[in-house]
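Undergrad: Coordinates for the following, if possible.
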Amino acid sequence: MSRDALGLDEMKQLRTKRWLNRNVFGFGLTSLLSDFCHEMATAVLPQFMQVIGSSAAALGFIEGVADALSSFTKLGTGYHSDKIGHRKGWTVLGYLLTAFAKAIFAFAVAWPLILIGRVIGWLGRGIRGPLRDAMLAESVSPEDRGKAFGFHRASDTMGAILGPLAAYGILTLIAKNPHIAEYFGYWFPSFADEPGGAYRIIFLMTLIPGLLSVVSLAYLVKERRRTTNHVLRFWQTIKSMPKSYRSFLLAVGLFGLADFAPTLMILRASTTLTPVMGLIEASRLAALLYIIRNITYAIASFPIGAHSNKFPRNRYLAFGYGIAVVTFLGFAFVMPSFAWFVVLFILSGLFIAWEDTIEGVAVRDYVNDDIAGTAYGVLGVVNGIGDFASSIIVGLLWTSIGASWGFLYAAVVGLAGTIFMMRAPNPVNRA
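TA: Numbers count the residues shown, from 1 in each chain. Next up is the predicted model:
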């Protein structure tokens with residue numbers, strides 16, 4: 001047996017001994033480093049796209065296409081892992097692709113190369129997401145899944161705090177020491193441009209935490225290899241999923257049509273604050289706001305997950321959706337005030353903690369482990385279709401008739417998704 005694989009009895013012993021075990025810690029550290037990489041780039045991507053002359057519609061298109069590709073990849077890899085009986089190798093590959101993707105942005109002079117980098121990164125996220133979640137769910141007992149997923153989301157979001165902090169620090173350092181950009185410009189002439197050169201340096205440096213995340217997963221996480229199931233058939237597996245799970249997915253999908261990419265929130269903040277503060281200062285404050293959002297996300301994730309067993313899971317999730325609706329309305333009627341944006345980004349961190357943690361926990365309440373990879377993949381497809389549509393629609397409404405209309409659309413559709421989730425069947429814990 002491989003040193004990376006555990007037998008069924010060993011895995012059960014690992015699950016029952018404690019919830020914060022080697023796997024849960026390993027997945028948490030891996031996600032922290034990977035999100036450090038991702039969010040370091042995300043914090044400055046909207047501003048960089050402004051510099052190279054791209055619109056809000058282009059940003060929405062890029063995010064939507066990348067999310068859609070990621071979603072369908074999740075379904076394919078989730079089903080494949082259920083069939084072949086192991087998941088870790090593909091998960092490592094997913095993190096490796098994500099590690100290299102952001103560095104591609106450093107060499108972009110127009111939005112198509114950003115699209116290519118985003119597609120590669122989201123392809124990696126699509127490969128790793130359902131497999132990681134399935135392995136995480138089987139690493140603990142059913143009653144501890146909320147804690148495990150809450151810890152994972154909190155760790156993931158700690159990386160999302162450190163990444164924008166690093167971006168903010170690098171922007172500040174380069175502003176005070178212009179010779180840094182000149183040094184990079186010796187090797188890459190476009191890196192000496194102002195202000196785009198500072199953003200390019202940030203994109204290149206994302207390689208450091210990205211590659212460390214791959215090493216963390218490879219050496220810390222063990223998986224339980226399951227019996228190969230060559231008779232598993234894709235459409236039969238999809239059809240075998242409980243009716244209650246399909247109702248849950250319908251509610252998730254409807255809300256997903258409102259759940260646009262967070263980069264549009266950053267863009268809303270930077271474009272609103274730029275006329276009164278200037279581009280660089282508005283960019284720095286937008287990165288700081290994103291840090292505030294992610295601090296809230298990190299702090300809220302564990303208690304939200306840990307208390308999820310005390311309430312009907314569907315209504316508990318619907319409450320988080322309701323917070324999102326209030327947030328979308330706030331972005332629709334925004335004011336050019338930093339304090340206003342602080343409140344909105346705190347609310348956005350709270351609702352995404354609720355959404356990401358509880359959706360992940362709920363899947364294994366509806367389905368068994370033998371099709372868990374496929375079930376997480378289906379959830380990824382549903383979310384991805386929603387993300388694709390919402391990011392594009394909000395971006396197009398913003399560009400064509402005004403930013404407020406895009407966020408109003410999100411609020412109305414998000415409210416419908418909240419109501420549907422309130423009415424969805426409540427799941428039961430499965431071993």
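Undergrad: Name the residues of stretch 153-173 that are buried.
TA: By neighbour count with 16 or more other C-beta atoms under 10 Å, stretch 153-173 contains the buried residues 153-168, 170-171. Where you see a C-beta, it was placed from the backbone N, CA and C, and this is true even at glycine.
Undergrad: Keep only those of the residues you listed that are in helices.
TA: If you go by DSSP state H, the buried residues of stretch 153-173 have 153-168, 170-171 in helices.
Undergrad: which residue ranges form the helices in the stretch 251-400 of the chain?
TA: 263-277, 279-306, 313-332, 338-366, 372-401 (DSSP state H, counting those that start in this stretch).
Undergrad: Give me the buried positions along the third one.
TA: In this case it means helix 313-332. In helix 313-332, counting by 16+ other C-beta under 10 Å, buried: 313-314, 316-325, 327-332.
Undergrad: Repeat that for the second one.
TA: Counting neighbours by 16+ other C-beta under 10 Å, one finds that the buried residues in helix 279-306 are 279-280, 282-302, 304-306.
Undergrad: And the average pLDDT for it is what?
TA: The average pLDDT within helix 279-306 is 84.
Undergrad: Specify the angle between that helix and helix 263-277 in degrees.
TA: 140 degrees (axes from the mean of the first three to the mean of the last three C-alpha atoms, to 10 degrees).
Undergrad: Quick one: list the elements packing against helix 279-306.
TA: Packed against helix 279-306, as judged by 3 or more C-beta pairs under 8 Å, 6 or more residues apart in numbering; DSSP states H and E, are the following elements: helix 22-42, helix 45-51, helix 145-176, helix 263-277, helix 338-366.
Undergrad: Dump stretch 21-30 to PDB, restricted to CA.
TA: C-alpha atoms of stretch 21-30 as PDB (Å, rounded to 0.1, in the frame of the first residue of the first chain):
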ATOM      1  CA  ASN A  21      -6.500  15.400  12.400                       C
ATOM      2  CA  ARG A  22      -3.600  15.300   9.900                       C
ATOM      3  CA  ASN A  23      -5.900  15.500   6.800                       C
ATOM      4  CA  VAL A  24      -8.000  18.400   8.100                       C
ATOM      5  CA  PHE A  25      -4.900  20.300   9.000                       C
ATOM      6  CA  GLY A  26      -3.200  19.400   5.700                       C
ATOM      7  CA  PHE A  27      -6.100  20.500   3.600                       C
ATOM      8  CA  GLY A  28      -6.300  23.700   5.700                       C
ATOM      9  CA  LEU A  29      -2.600  24.600   5.200                       C
ATOM     10  CA  THR A  30      -2.800  23.800   1.500                       C
END
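Undergrad: Which parts of that stretch count as buried, going by neighbours?
TA: 21, 23-30.
Undergrad: just for the stretch 101-250 of the chain, where's the confidence low?
TA: 178-196, 225-235 (pLDDT under 70).
Undergrad: Tell me the buried residues in the helix or strand where residue 406 lies?
TA: Remark: residue 406 resides in helix 403-423, with elements defined by DSSP states H and E. Buried residues in helix 403-423, counted by 16+ other C-beta under 10 Å: 403, 405-411, 413-418, 420-422.
Undergrad: and if you look at stretch 105-120?
TA: 105-106, 108, 111, 114-120.
Undergrad: Please identify which pair of these lies farthest apart.
TA: Comparing every pair within the buried residues of stretch 105-120 by C-beta to C-beta identifies 106 and 119 as the most remote, at 16.3 Å.
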